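Chemist: Just need the structure, nothing else, for what follows:
(one chain, ligands or ions: 1)
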Amino acid sequence: MLNNIENINGILKLSFSPFYDLRGNLLKIYQKETFKNIFKDIEEIYISSSKKAVIRGLHFQIGKKAQDKYIYCISGALLDISVDLRPDGNFGNICVEELKGGDPIILGIPGTFAHGVIILEENTTFMNMSPTPYSPGDERGIRWDSLGIKIPFQHPIVSEKDNSLPPLDLVLKGLKNL
Ligand SMILES: Cc1cn([C@H]2C[C@H](O)[C@@H](COP(=O)(O)OP(=O)(O)O[C@H]3O[C@@H](C)C(=O)[C@@H](O)[C@H]3O)O2)c(=O)[nH]c1=O
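Modeler: Next comes the predicted model:
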């Protein structure tokens, strides 16, 4: 059951209460009717698994393809990173939230934010639910090492695509001039 919604500079932190009994617990993280004013209808769900020291992102989709993301950490631990790209919001503000596997928490990242993750433990798995489809042609990104965030390991594992993304200052400048 959803029991609290916190707004952290535009990121929604949803806290749930699992149902406990002697066998363990049951955690419901999506129910269309209850969440109709929070979630838009979910279009896609994926589960992403990573080794320790993986960094994914940061990514966002532009225009009508802007993609809200609802992130739940199933196992391990990660730092969830988002950058506010709203022209009328806290433009350029960086939000870092730690998620641990099984924590009854979902982060709601609006499509107007860039999003990435830093994987802190082996076998970290998270789930993302999105109301807008993945659209690779509309995807843009920000290079992971341009945010000024301290990376807690020496040799991060990063995809070729993510290593060739532009730095934060260039992306912000480009968006400002739109
Ligand atoms: C994200 C995504 C990827 N794919 C495919 C494309 C590619 O072949 C393979 C891996 O894609 P990527 O390298 O882009 O995956 P990844 O770097 O994990 O991308 C993800 O990063 C995190 C931080 C996010 O916020 C997500 O929205 C998404 O952008 O999966 C889909 O088919 N649908 C999807 O929704």
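Chemist: can you give me the strands for the chain?
Modeler: 2-8, 11-16, 19-21, 24-26, 44-50, 55-61, 69-75, 77-84, 94-100, 105-109, 113-119, 124-130, 139-141 (DSSP state E).
Chemist: and those strands as CSV, adding distance to residue 36?
Modeler: The way it works is simple: take the backbone N, C-alpha and C, and place the C-beta from them, glycine included. Formatted as CSV, the strands of the chain follow (distance: least, CB to CB, whole Å):
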stretch, distance to residue 36
strand 2-8, 12
strand 11-16, 14
strand 19-21, 21
strand 24-26, 22
strand 44-50, 18
strand 55-61, 23
strand 69-75, 14
strand 77-84, 24
strand 94-100, 24
strand 105-109, 14
strand 113-119, 22
strand 124-130, 14
strand 139-141, 28
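Chemist: and residue 35, which of the ones you listed is closest to it?
Modeler: Judged by CB to CB, the one of the strands of the chain that comes nearest to residue 35 is strand 2-8, at 7.1 Å.
Chemist: what is the orientation angle of the closest one with strand 11-16?
Modeler: With axes from the mean of the first three to the mean of the last three CA atoms, to 10 degrees applied, the angle from strand 2-8 to strand 11-16 works out at 160 degrees.
Chemist: what is the orientation angle of strand 2-8 with strand 77-84?
Modeler: If you take the same axes, to 10 degrees, strand 2-8 sits at 50 degrees to strand 77-84.
Chemist: how far does the helix or strand of the chain with the lowest mean pLDDT sit from the chain's center?
Modeler: Across the helices and strands of the chain, mean pLDDT, DSSP states H and E gives its lowest value to helix 168-176, namely a mean of 91. How far helix 168-176 lies from its chain's middle: 20 Å, per CA atoms, centre = their mean, to the nearest Å.
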